[in-house]
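Asks: Sequence isn't available, so here's the structure alone:
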């Protein structure tokens, strides 16, 4: 079993649909992240949760709504998305996001490939 | 100027070649440097992690950091077709500073 598991692997949705992405980590980490990966662009940080508290919202549109019920689970609720939101959405975890730099390492899931029609 | 720059490639090399992948950056506060490997339809996987300037070797992989030039490199010796992937550089500074990623270089090692 991999350390960070994401479901679903693929998702196709219409612009009026509501869907959710799920992430679970089995590494005992306290920080979880959502990143967006578009073709030929750097990973874009969307949200950071540290010990279940949101510590970063990187100017993400409100049609993306994160939820972190505990340190092991992270959700991304999607509503009224646009075609330009089509991308690979990656979940990651680390020991403690406030210790970034001090031997902190990010571990990623396999991502959800999202297509918005 | 982008914070981290990386040639997107694609880079094609024959099997057995030495591969050199590079990133430049602008923020002198970065102290921790990482290389991730990402296979198609998979998430990035941490390959190398280094602190400050210097070299680090792990098997066929060597990571180099030159902070004075704001330049980092990943060398792959005796490259294999299984090394074909996108390689992302990433870096971070002190406590609380987020990781910053390059756009990735796509590498193909031809048998």
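Replies: Everything's here; your move. This one's a predicted model, so the numbers in the text were calculated from it and none came from an experiment.
Asks: From now on I want contacts and neighbour counts done on CA atoms only, so please keep to that.
Replies: OK.
Asks: What residues does chain B have near chain A?
Replies: B:8, B:31-32, B:41-46, B:92-104 (C-alpha under 8 Å from any C-alpha of the partner chain).
Asks: and residue 104, how many neighbours?
Replies: The chain I'm using is chain A. 19 (other C-alpha atoms under 10 Å in any protein chain shown).
Asks: think we crossed wires, I meant chain B
Replies: 30.
Asks: quick one, what contacts it?
Replies: Residue B:104 sits next to A:40, A:41, A:42, B:6, B:7, B:8, B:86, B:87, B:88, B:89 when contact means C-alpha atoms under 8 Å, 6 or more residues apart in numbering or on different chains.
Asks: Now do the same for residue 27: its pLDDT.
Replies: Picking chain A for this. At residue A:27, the model reports a pLDDT of 94.
Asks: wrong one, I was asking about chain B
Replies: Looking at residue B:27, the pLDDT reads 90.
Asks: One more: residue A:55?
Replies: pLDDT, residue A:55: 84.
Asks: how close does it sit to residue A:12?
Replies: Applying C-alpha to C-alpha, to the nearest Å, the value for residue A:55 to residue A:12 is 29 Å.
Asks: what does residue B:85 give?
Replies: For residue B:85, the distance to residue A:12 (C-alpha to C-alpha) stands at 25 Å.
Asks: Between these two, which is the more surrounded one?
Replies: When residue B:85 and residue A:12 are compared for neighbours, residue B:85 comes out ahead with 19 against 13, by other C-alpha under 10 Å.
Asks: can you give me the strands for chain B?
Replies: For chain B, the strands defined by DSSP state E cover B:4-6, B:11-14, B:19-25, B:32-38, B:45-51, B:54-58, B:61-66, B:71-76, B:85-92, B:100-101, B:105-110.
Asks: In the third one, which residues are buried?
Replies: To tie it back to what came earlier, the one meant is strand B:19-25. For strand B:19-25, the neighbour count (16 or more other C-alpha atoms under 10 Å in any protein chain shown) marks B:19, B:21, B:22, B:23, B:24, B:25 as buried.
Asks: helices and strands around it, which ones?
Replies: Judged by 3 or more C-alpha pairs under 8 Å, 6 or more residues apart in numbering or on different chains; DSSP states H and E, strand B:19-25 is in contact with strand B:4-6, strand B:71-76.
Asks: what's in contact with the last one?
Replies: Read that as strand B:71-76. Residues from elsewhere that reach strand B:71-76 (C-alpha under 8 Å, 6+ apart): B:18-25, B:33, B:35, B:60-66.
Asks: for stretch B:52-68, same thing?
Replies: Applying C-alpha under 8 Å, 6+ apart, the external contacts of stretch B:52-68 come out as B:28, B:31-33, B:48, B:50, B:71-78.
Asks: and those residues, which are buried?
Replies: Burial by neighbour count, judged by 16+ other C-alpha under 10 Å, picks out B:31, B:32, B:33, B:48, B:50, B:71, B:72, B:73, B:74, B:75, B:76, B:77 from the contacts of stretch B:52-68.
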